[in-house]
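Visitor: Just a sequence and a predicted model for now, questions to come.
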Amino acid sequence: MGKDAFTPQKRVTSGSLPTTTTNGGGKYLPGRVVPRGRQIKKTFNNIRITILCGFVTILVLRGTIGVGNLGSPDADAVDQSIIEETNRILAEIRSDSDPTDPEQPPDAEINPNVTYTLGPKIENWDFSRKNWLESNPEFPNHVNGKPRILLLTGSPPNPCDNPIGDHYLLKAVKNKIDYCRIHGIEIVYNMAHLDKELAGYWAKLPMIRRLMLSHPEVEWIWWMDSDALFTDMVFEIPLSKYTNHNLVIHGYPDLLFEQKSWIALNTGSFLFRNCQWSLDLLDAWAPMGPKGSIRDEAGKILTANLKGRPAFEADDQSALIYLLMSQKGQWMDRVFIENSYYLHGYWAGLVDRYEEMIEKYHPGLGDERWPFVTHFVGCKPCGSYGDYPVERCLRSMERAFNFADNQVLKLYGFSHRGLLSPKIRRTRNETVMPLEYVDQFDIRRAKH
Amino acid sequence: MMERCLGAYRWRRMQRAFRKFKVTIICLLLTIVVLRGTIGAGKFGTPEQDYLEIRDHLIHTSRKRAEPHRVLEEVQPQQTMASDSSSSGGGGSATTNSYTEFDINTILKDEEPDDKPDPNKPYSLGPKISDWDEQRATWLKENPQFPNFIGPNKPRVLLVTGSSPKPCENPVGDHYLLKSIKNKIDYCRLHGVEVFYNMALLDAEMAGFWAKLPLIRKLLLSHPEIEFLWWMDSDAMFTDMAFEVPWERYRDSNFVMHGWNEMVYDEKNWIGLNTGSFLLRNCQWSLDILDSWAPMGPKGKVREEAGKILTRELKNRPVFEADDQSAMVYLLATQRDKWGDKVYLENAYYLHGYWGILVDRYEEMIENYHPGLGDHRWPLVTHFVGCKPCGKFGDYPVERCLKQMDRAFNFGDNQILQMYGFTHKSLASRRVKRVRNETSNPLEVKDELGLLHPAFKAVKVSSS
């Protein structure tokens, strides 16, 4: 009932409104009059929420992406830019591109009809060398009663595909430095590709030849792979056994001649005498090496002729085996196939037995009781993928390294805490008379 | 529909309440979002991590250049790896053949806890030896096959350097350590110097730059045949392969460092000398100075306090814990009478050469001078102080450091390669080119610098 009283009143008031406020033409909507101020207030009320939402969005975006120059509240953004810069530089360093010649001319196609040679043929090297040694007595080929040996090893000039590879190259070099210091052997670490044609595992050939010819005072050149570690620091190569031989290499004669196996010999660790015969062998060995079609074709021949060889381009080991097999009469009388000690020791059968060796045997044996060299064939820590699980490889390399390092640290009275531990512990207290231990533990002293 | 559930009155009350508290609710949401953006919400992460995840997901699927990015990320501490899936994929698998996703720390084991040193006992490098000269002289007489002089003016020298047994934090750090040791091997082979590469921390208390002190003492005592021990930092490279250290000059000195007398004794400047490359004679005096040098080294409070003293006493030294170089400056400046007469501060050649002033001038040097000078014209050693290639961040931009280290390495390597007829294509290039043709008479060819058979390597000829 009250309702009825309302509506007429309302109608009356609404009716009267246009008359009191009309001043300029019936533009207003019938029924409402809104002063300016209140309109603004109302609009503001309505867009209050919008403004608040706008703030939220800006804050969230600032917290995540940042606003460029205005900066982001997270200080890691600065680190992020440094890290990206570092990434760019690292990628550049790792790439094989040469900064100085951006447009490299394509490698000249080698003529497959012309036999590749390591250099001009040298005919009288033995004679020349003997003359040189006689006229240069201050550079003898025997030092302290032992023939002068030069250990040659190396790695590619660019960083490994992954950082752990470089770390193990470093450890391997330390291992070689230690052995060579103890035994008076000089080291040449090669990081240059002397010959574009013979890249990869073939790169050792031109380097061996070059060193032989430049250093006539060196009697033996010992090539060792970068993934081979010395594990017997006391053992010395019995060079007196090889007075009538010019190539000492680890292998098994029956695998070579009867089974024609591609792993009959191992070219990861071998010795070449500095003489004419060695130069001739290198010249006969090299032709399968030049990369490209020659190496691929040679690879097929080798796979066809050697037992167990997978199909891939020619490698130096298979080529040497094939050469010695097929030209047996010419070379084999001067080749000593050594297997009485581990001039090369395949790692898989050795690394798990180190604790047993420590318990039962002692350094200086060089054979399966205490291997001279542990060679990590197939691990390829410098590449991206190896033939074996990474964990097994790296764990074994670490153990081999520490196994050898313990023999070096013994003189100083320390030892690794465990074969996998980088830390050391004291095995002998400091004393005021250190020289009595030097006499006892220095490997060099023990021999002489 | 809601109206029917709750009743019209209730529903309208709710609507009204909602309208009133609209702003409050929005402000609440806003606060939560902002807090998540700044502090984070634990395992729910932050918007930045969400963003990074999304970005990485897109990168993995569309761009191949993720490789170096991923490699560096692996090395970073946990902050960015909280929700990163790439780390959990590779590290856990024990059978992967791929090296890129492997974490070496899953292998390395520490089988025993560190020994805790007695805090009451003052630190000492070892029991005091007072008669080392006599002990050593007796030993040398009894062992004539290990003479301490291998030539008329040539003492037996052991070059000592080293690095950490763990991989570098920086992915290319180990590569530069490898190049650096190759460089040292080359110089030492030419000059008849033996090399010792240390990768063991002999004393946990003297870690960091102080680690050389216990090592040096141990080597001096274990190798009495060594006349001089040459310590060289792992970030220093030989750039003059032909320069032979003038040993006769140091006949009456026991400790040779690069530096300037005025800067050390008068100014007490903390860079008045450099302990990155120095020679130390094997004698009682050296053992004594090592004992006097060591006390500022033990890590922890001792090193911190010592650092403050050094910053106060030495000119221009910044504030940080005590380092071996500042400690040596302080020791010499305050105890000149005791040690000064046997210390030779060499500056006639660069036994240590600060890389900043040398590396840009290599081309000029090649044009105007020749190896064998050892000084500012052709520095013996270029020392990359502050670069820290093994760590993540050094004091200088990464690019400058690494590129200049490449140049310095190649500059030194060219002198080795020229023996064999090669040289690097340029100082920045890893590739080599032939500069001397092969010949059928190799023995008639002499290398330009005479490094193949240098005089300082000649063996004494016995007249028999």
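Guide: Looks like it came in fine. Numbering: from 1, shown residues only, chains lettered A, B, ... in the order given.

Visitor: Show me where the stretch 251-400 of chain B has its strands.
Guide: In the stretch 251-400 of chain B, the strands defined using DSSP state E, counting those that start in this stretch lie at B:255-259, B:273-281, B:343-346, B:381-383.

Visitor: for the first one, the distance to its chain's centre please.
Guide: By that I understand strand B:255-259. What separates the centre of strand B:255-259 from the centre of its chain is 20 Å, taken as Cα atoms, centre = their mean, to the nearest Å.

Visitor: what does the stretch 151-300 of chain B put close to chain A?
Guide: Proximity of the stretch 151-300 of chain B to chain A, by Cβ under 8 Å from any Cβ of the partner chain, involves residues B:163, B:165-168, B:170-175, B:177-179, B:181-182, B:185-186, B:189, B:194-197, B:199-202, B:218-219, B:221-224. (Glycine included, C-beta is placed from N, CA and C.)

Visitor: Sort out which of those residues are buried, if you could.
Guide: The neighbour-count test (16 or more other Cβ atoms under 10 Å in any protein chain shown) applied to those identifies B:163, B:165, B:167-168, B:170-175, B:177-179, B:181-182, B:185-186, B:189, B:194-197, B:199-202, B:218-219, B:221-224 as buried.

Visitor: when you check those residues against the helices, which ones overlap?
Guide: B:173-175, B:177-179, B:181-182, B:185-186, B:189, B:218-219, B:221-222 (DSSP state H).

Visitor: shaky segments in the stretch 251-400 of chain B?
Guide: For the stretch 251-400 of chain B, no stretch is flagged by pLDDT under 70.

Visitor: does any bit of the helix or strand harbouring residue A:399 sit next to chain B?
Guide: Assigned by DSSP states H and E, residue A:399 falls within helix A:390-409. Yes - using Cβ under 8 Å from any Cβ, we find that helix A:390-409 touches chain B at A:390, A:391, A:394, A:395, A:398, A:405, A:409.

Visitor: what do you get for stretch A:124-140?
Guide: Yes - against chain B, stretch A:124-140 shows contacts by Cβ under 8 Å from any Cβ at A:128, A:129, A:132, A:136, A:137, A:138, A:139, A:140.

Visitor: and what of stretch A:184-195?
Guide: Yes - for a cut-off given as Cβ under 8 Å from any Cβ, stretch A:184-195 has contacts with chain B, namely A:186, A:187, A:188, A:189, A:191, A:192, A:193, A:194.

Visitor: For the fourth one, which residues are in contact?
Guide: When you say that, I think you mean residue A:189. By Cβ atoms under 8 Å, 6 or more residues apart in numbering or on different chains, the contact set of residue A:189 is A:153, A:154, A:155, A:173, B:182, B:185, B:186.

Visitor: Residue A:242 reaches residue A:249, doesn't it?
Guide: No - the criterion here is Cβ atoms under 8 Å, and residue A:242 misses it with residue A:249 at 10.9 Å.

Visitor: What is the subsequent helix or strand relative to the helix holding residue A:399?
Guide: strand A:414-416.

Visitor: Run through the neighbouring helices and strands of that following strand.
Guide: The contact analysis (3 or more Cβ pairs under 8 Å, 6 or more residues apart in numbering or on different chains; DSSP states H and E) places strand A:414-416 against helix A:390-409, strand A:424-426.

Visitor: Each with direction, which strands does that strand pair with?
Guide: strand A:424-426 (antiparallel) (DSSP bridges).

Visitor: mind checking how far residue A:175 is from residue A:386?
Guide: Separation of residue A:175 from residue A:386 (Cβ to Cβ, to the nearest Å): 19 Å.

Visitor: got it, and residue B:248?
Guide: From residue B:248 to residue A:386 the distance is 52 Å (Cβ to Cβ).

Visitor: out of the two, which sits in the busier spot?
Guide: residue A:386 (22 against 9; other Cβ atoms under 10 Å in any protein chain shown).

Visitor: Tell me the pLDDT of residue B:438.
Guide: We note a pLDDT of 87 for residue B:438 in this prediction.

Visitor: Please list the residues of the stretch 351-464 of chain B that sit near chain A.
Guide: B:393, B:398-399, B:402, B:413, B:417, B:419-422, B:425-426, B:428-432, B:438-443, B:452-453, B:457-461.

Visitor: Show me which residues of the biggest helix by length in chain B are buried.
Guide: As assigned by DSSP H, the longest helix anywhere in chain B is helix B:8-38. For helix B:8-38, burial by neighbour count (16+ other Cβ under 10 Å) applies to B:26, B:30, B:33, B:34, B:36, B:37.

Visitor: Buried among the residues of helix A:390-409 next to chain B? Make that a PyMOL selection.
Guide: Selection of buried members from the residues of helix A:390-409 next to chain B for PyMOL, criterion 16+ other Cβ under 10 Å:
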select buried, chain A and resi 390+391+394+395+398+405+409
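
Visitor: List just the nearest of the residues of helix A:390-409 next to chain B to residue B:307.
Guide: Residue B:307 has its nearest neighbour among those in residue A:409, at 31.5 Å by Cβ to Cβ.

Visitor: Quick check: phi and psi at residue A:361.
Guide: phi -120, psi -170 (degrees, to the nearest 10).

Visitor: about what we covered before: make JSON lines from the helices and strands packed on strand A:414-416 and add distance to residue A:35 to it.
Guide: Compiled in JSON lines, the helices and strands packed on strand A:414-416 are given as follows (distance: least, Cβ to Cβ, whole Å):
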{"stretch": "helix A:390-409", "distance to residue A:35": "80"}
{"stretch": "strand A:424-426", "distance to residue A:35": "89"}
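
Visitor: I'm done for today, thanks for sticking with me.
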